[in-house]
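A.B. asks: Kindly return the folded structure for what I paste below:
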Amino acid sequence: MAEALVLRHVSAGYGETVVLEDINLVLAQGESLGVIGRNGVGKTTLLATVMGHTTLHQGEVWLGGARLDRLPTFRRARGGIGWVPQEREIFPSLTVRENLTIGARPGHWTQERVFDLFPNLGARLSNMGNQLSGGEQQMLSIARALLTNPSVLLMDEPTEGLAPVIVEALAAVLSRLRGAGALSIVLVEQNSRVALAFPRGPSSWTRGASSTTANRPRSAPTPNDSQRSSASRKGSWRSMRRRSHRRATPGPAIS
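C.D. replies: Got it, this is the predicted structure:
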């Protein structure tokens, strides 16, 4: 199966502060990965690193066979990464329709399909972004990302701060997205019930999965598989937290 997203020995953070250290991750086309952990262990930083919002101290990020870590954020988005940020970041001064069309690109996901997922949005097309409830804003953020027709969708705690009934509705949407053809998804969540129910198959976890290959069936390990398994045992989100204030080893930075 083709690889959609690959991180190889990635160390990244903010300025000289290292938050992620020696991360290895392989996500195949159409696979889903749930990432769970406490506050401050680097979950959001993982997604931000893929999007190019952090300082990359070492390592490589690949999307569908193309190297991303030297590209600016807008070219990563054009290359096929969709991002649903933790803060939603919709445009409050634009209507729902304008929010949806501003970054839309042709492909599988159309307005009709996202309205099938989120009927409320179809009924509020003329409303401004700041006139929506928190749950509706989250729906809009997900719908906007889908309309860019990404190959990999990154979702950062989409259920945070929402009422239980909205969480249930979003969980149902996530289940539908999980089966949406070739779309690969990385879901960061603190809601353990949502996160652990999300992946289609077992993921390799080490106290929160500092290094993992998502849901990949295999008959026998290859040398690369053994290396990834070894890397998984070496690291953990907990160890990242302990070392989060350690300064990066001097060396050439990749930006």
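A.B. asks: give the contact list for the closest residue to residue 77 other than its chain neighbours.
C.D. replies: The shortest distance from residue 77 to any non-neighbouring residue, by C-beta to C-beta, 6 or more residues apart in numbering, is to residue 148 (6.7 Å). Just so you know, the C-beta spots here come from the backbone N, C-alpha and C atoms, and that holds for glycine as well. Neighbour list for residue 148: 77, 82, 103-105 [criterion: C-beta atoms under 8 Å, 6 or more residues apart in numbering].
A.B. asks: now residue 148: how far from residue 54?
C.D. replies: Residue 148 sits 21 Å away from residue 54, going by C-beta to C-beta, to the nearest Å.
A.B. asks: Please apply the same query to residue 42.
C.D. replies: Here the distance between residue 42 and residue 54 works out to 10 Å (C-beta to C-beta).
A.B. asks: So between the two, which is more surrounded?
C.D. replies: Regarding residue 42 and residue 54, a neighbour count based on other C-beta atoms under 10 Å identifies residue 42 as having more, with 25 against 21.
A.B. asks: The more buried one against residue 18, yeah?
C.D. replies: No. Residue 42 lies out of contact with residue 18 (C-beta atoms under 8 Å); the separation is 9.8 Å.
A.B. asks: which intervals of the protein have sub-threshold pLDDT?
C.D. replies: 200-255 (pLDDT under 70).
A.B. asks: and the residue sitting nearest the centre point of it, what are its phi and psi?
C.D. replies: Nearest to the geometric centre of the chain sits residue 154, at 2.1 Å (C-alpha atoms, centre = their mean). Main-chain torsions, residue 154, degrees, to the nearest 10: phi -100, psi 130.
A.B. asks: Now do the contacts for it.
C.D. replies: Taking C-beta under 8 Å, 6+ apart, one finds 47, 50-51, 81-84, 185-186, 188 in contact with residue 154.
A.B. asks: Also residue 163?
C.D. replies: By C-beta under 8 Å, 6+ apart, the residues touching residue 163 are residue 135.
A.B. asks: At which residues are the helices of the stretch 1-150 of the chain located?
C.D. replies: Counting by DSSP state H, counting those that start in this stretch, the stretch 1-150 of the chain has helices at residues 43-51, 73-79, 96-101, 111-117, 119-122, 134-146.
A.B. asks: what does the fifth one rub up against?
C.D. replies: Residues lying outside helix 119-122 but in contact with it, judged by C-beta under 8 Å, 6+ apart, are 96, 100, 114-115, 136, 139-140, 143.
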